[in-house]
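Chemist: Everything below, folded, please.
(4 chains)
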Protein chains: 2
Amino acid sequence: MPGVDDVFAALSDPTRREVLRSVAARPELTASRLAGELPITRQAVAKHLAALQKAGLVEPRREGRETKYTLTPAPLMDAMDWMAEVGAEWDVRLARLMERARG
Amino acid sequence: MPGVDDVFAALSDPTRREVLRSVAARPELTASRLAGELPITRQAVAKHLAALQKAGLVEPRREGRETKYTLTPAPLMDAMDWMAEVGAEWDVRLARLMERARG
DNA sequence: TTGATGTGCAACCTCCGAGTTGCGTATTTG
DNA sequence: CAAATACGCAACTCGGAGGTTGCACATCAA
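Modeler: Residues are numbered from 1 along each chain as shown, chains lettered A, B, ... in the order given. Model prediction:
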């Protein structure tokens, strides 16, 4: 799935993860309000939110003159699935090694 | 956990994820052999392996003139924990999924 | 010993991303 | 209406990452 690429790319930046955490902590949040809590500009926050939206991790909702963002955690599961697959493939290899080691 | 930063950074690149998958698929793998399977140089593969090692996802083992790499999947769990926390803050169902996933 | 194979280090290039500033526009409020 | 607030778009800087080439060093095989 190509969506995993955007998810991991979105989570690769520490500031963006902090943005995601902040969105997750509240039912809804605007870019301006979040910029007031972080040491970066509102436009920087907007870019992070755009990246998170591209990954499907966040959803914007226009309300009058302000845009409120909400967490949509579904893509996180896809990323976790990817990691679980890698780990599972390793478990198989490990099991075979153990089997051969015991003879 | 500061290690989570390196893990997500390591997983952010598609080529590097492919490298990690290749390492996970075999019990051990060298940079040169992997470079023969990928459309990039051995040095590029070495850089990816270095990034994965920095994240604790891979472990090198010198054997004669070649360096074999092995998967160490533990940090993947830390990353999954991070995602589970974010999701849990939004929806408790994610945490329950994690519980079942880790057994 | 000689040649081939495997690795590591360093310089270099290119491109993308994080962050900034500036400006234009829509919406609320007085 | 005018002022303030919230947003979006565009241009710009700058540092880092992915990738390459080149070279030096170690190790195995003939």
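
Chemist: Not counting sequence-adjacent ones, nearest residue to A:Glu28?
Modeler: A:Lys68 (4.1 Å; C-beta to C-beta, 6 or more residues apart in numbering or on different chains). C-beta coordinates here come from the backbone N, C-alpha and C atoms, glycine included.

Chemist: What strand or helix carries A:Val92?
Modeler: Assigned by DSSP states H and E, A:Val92 belongs to helix A:74-102.

Chemist: tell me what that helix is packed against?
Modeler: helix A:3-11, helix B:14-25, helix B:74-90, helix B:92-102 (3 or more C-beta pairs under 8 Å, 6 or more residues apart in numbering or on different chains; DSSP states H and E).

Chemist: out of the ones you listed, deepest packed?
Modeler: Per residue and on average, the most neighbours among the helices and strands packed on helix A:74-102 fall to helix A:3-11, with a mean of 21 (mean count of other C-beta atoms under 10 Å in any protein chain shown).

Chemist: And chain B, is it touching that?
Modeler: Yes - remark: helix A:3-11 sits within contact range of chain B at A:Asp5, A:Phe8, A:Ala9, A:Leu11, by C-beta under 8 Å from any C-beta of the partner chain.

Chemist: need the contact list for the residue nearest to A:Glu28.
Modeler: By C-beta atoms under 8 Å, 6 or more residues apart in numbering or on different chains, the residues touching A:Lys68 are A:Glu28, A:Leu29, A:Thr30, A:Pro60, A:Arg61.

Chemist: same question, A:Val86
Modeler: For A:Val86, the contacting residues are B:Leu20, B:Arg21, B:Ala24, B:Leu71, B:Pro73, B:Leu76, by C-beta under 8 Å, 6+ apart.

Chemist: Distance of the fourth one relative to A:Glu59?
Modeler: Spelled out, it's B:Leu71. 35 Å (C-beta to C-beta, to the nearest Å).
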